[in-house]
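**Q** no FASTA, just this:
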């Protein structure tokens, strides 16, 4: 249960920002920061240290916030748990969702103000342009919510959305649940109603990234993370339900059989995706709080990476432990953009077991391209520890596993291969998304002689209290010390 639910104040975006401000983790910037590039540059400079709050960005009345989920410890704090329990707590919420609690339209803060006529999204909302070659302003922190046109069950995801015109946006949908809903509606010749909720609390943001079977409503996972059913409200123009406490909601329809160019856009691997034809959202209404706050995620920075990484880690840990109970922890490294490089901690019992674990990890998610398995004495969250294990426990001729020609991430530029034909690929004659996989067994032998693999320790090193041991305060005169020694 979130510490905010345990007390009198429920966790909302506003209560979380207040908490950050009270603990010197929210920086209020000057007014009139430019929405094109400058806002993202400042937020990036503060990344992982302080969230950034921009009053009147570009002269706009609606403030912008970014970076309020930029550390793992902050996310654990929002849940009211220790960081070490983060993955297990998230897994428990995924496995035990709570049905949402519907509130009447008049009771939902997100519908205090309604716009249905003469909507111009580019002037109504302060939407930033982030990276140098981005093709215009992008919504990067919107929860895209849609209902399965067959079953009626909702799905929640975060998708990049380029604002094309006053009431028109292009969206990237990867081959996941939202795209499946859209294709089902398109097959029936129907538009798919969608809502984009902007400005929700950290736990609802995180829940949206849970890896679940189709027809699992991530807002119910958000309720489990909160420890109470999440209040939701029916949209003004459709049956989609959105978080009632959201700051802003854009309502619209994914149009059937319509595609328009989108991109380039700076994505999580820290490279640009190509300009391609994408599906289109036609906007029907915008609702918001009386004084809303707009949330933007700076692409490829910590808020972006952790939102994708932590739910994937929880899913991977659950998947691996079903067949390999000796797996005790996993970590998607920041250097691997919290997607591509996986570190696994294993209580190894048999020789060859790490290679089985590596193969299971590759099968768990196609994004993963490198896996390193280490022993339980290695901290998978410390890249120096993992590198030390590779340096001292790995030999390439016997501990390296390479798989060629597997499915990988279509956003990984290293997967581009020349095909020689025109085909339907974005760049004629080239295909992206076919990847080699590499696994490293950096574990000790099960049996070894004497102290060959015994780590060097100094008795009592972890118990030293430097505050009690250091003799001199920093301001002590060194001349006086040397006189004493003489």
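**A** Perfect, thanks for sending it. In this text, all values refer to a predicted model and were calculated from it rather than measured experimentally.
**Q** Pull the contacting residues for residue 394.
**A** If you count contacts by C-beta atoms under 8 Å, 6 or more residues apart in numbering, residue 394 has them with 400, 440-442. Just so you know, the C-beta spots here come from the backbone N, C-alpha and C atoms, and that holds for glycine as well.
**Q** what lines up beside the lengthiest strand in the chain in the sheet?
**A** Using DSSP state E, we find that the single longest strand of the chain is strand 248-262. Here strand 248-262 is paired, per DSSP bridges, with strand 192-198 (antiparallel), strand 276-288 (antiparallel).
**Q** Let me know which of those strands is tucked in deepest.
**A** Most buried of the strands paired with strand 248-262 by mean neighbour count (mean count of other C-beta atoms under 10 Å) is strand 192-198; its value is a mean of 26.
**Q** after that strand comes which helix or strand?
**A** The first helix or strand that comes after strand 192-198 along the chain, using DSSP states H and E, is helix 202-207.
**Q** what's the offset of that next one from the middle of its chain?
**A** 9 Å (C-alpha atoms, centre = their mean, to the nearest Å).
**Q** Rounded mean pLDDT for that helix, please.
**A** In this model, helix 202-207 has a mean pLDDT of 96.
**Q** what pLDDT does the closest residue to residue 214 other than its chain neighbours get?
**A** In this structure, residue 214 finds its nearest non-sequential neighbour in residue 177, 5.0 Å apart by C-beta to C-beta, 6 or more residues apart in numbering. Reading off the confidence values, residue 177 has pLDDT 94.
**Q** What of residue 451?
**A** 78.
**Q** how much space between it and residue 457?
**A** Separation of residue 451 from residue 457 (C-beta to C-beta, to the nearest Å): 11 Å.
**Q** what's the longest helix along the chain packed up against?
**A** Ordering each helix of the chain by length in residues (DSSP state H) puts helix 302-323 first. For helix 302-323, the packing partners by 3 or more C-beta pairs under 8 Å, 6 or more residues apart in numbering; DSSP states H and E come out as helix 72-79, helix 86-95, helix 202-207, strand 327-332, helix 353-364.
**Q** got the contact list for the fourth one?
**A** Which is strand 327-332. 87, 309, 312-313, 316-317, 320-321, 338-347, 357, 376, 380-381.
**Q** now the last one
**A** Applying C-beta under 8 Å, 6+ apart, the external contacts of helix 353-364 come out as 315-316, 319-320, 323-324, 326-327, 342, 344, 346, 348, 368, 371, 373, 401, 403, 406, 437, 439, 441, 443.
**Q** for the stretch 151-300 of the chain, which spans come out with low pLDDT?
**A** By pLDDT under 70, the stretch 151-300 of the chain contains no weakly predicted segment.
**Q** got the phi/psi numbers for the nearest residue to residue 102 once chain neighbours are set aside?
**A** In space, and not counting its chain neighbours, residue 102 is closest to residue 232: 5.7 Å by C-beta to C-beta, 6+ apart. Per-residue torsions, residue 232: phi -130, psi 160 (degrees, to the nearest 10).
**Q** let's have the chain start at 7 instead
**A** Fine by me, first position is 7 from now on; the one you just mentioned is residue 238.
**Q** Quick one: residues contacting the residue nearest to residue 356 when sequence neighbours are not counted.
**A** Using C-beta to C-beta, 6+ apart and skipping residues adjacent in sequence, the residue nearest residue 356 is residue 452, 6.7 Å away. Neighbouring residues of residue 452 by C-beta under 8 Å, 6+ apart: 354-357.
**Q** I'd like to know which of those residues are part of strands.
**A** Per DSSP E, those never map to strands.
**Q** who does the helix or strand containing residue 447 pair up with?
**A** For residue 447, the element it lies in under DSSP H and E is strand 440-448. Paired neighbours of strand 440-448 in the sheet (DSSP bridges): strand 376-380 (parallel), strand 406-413 (antiparallel).
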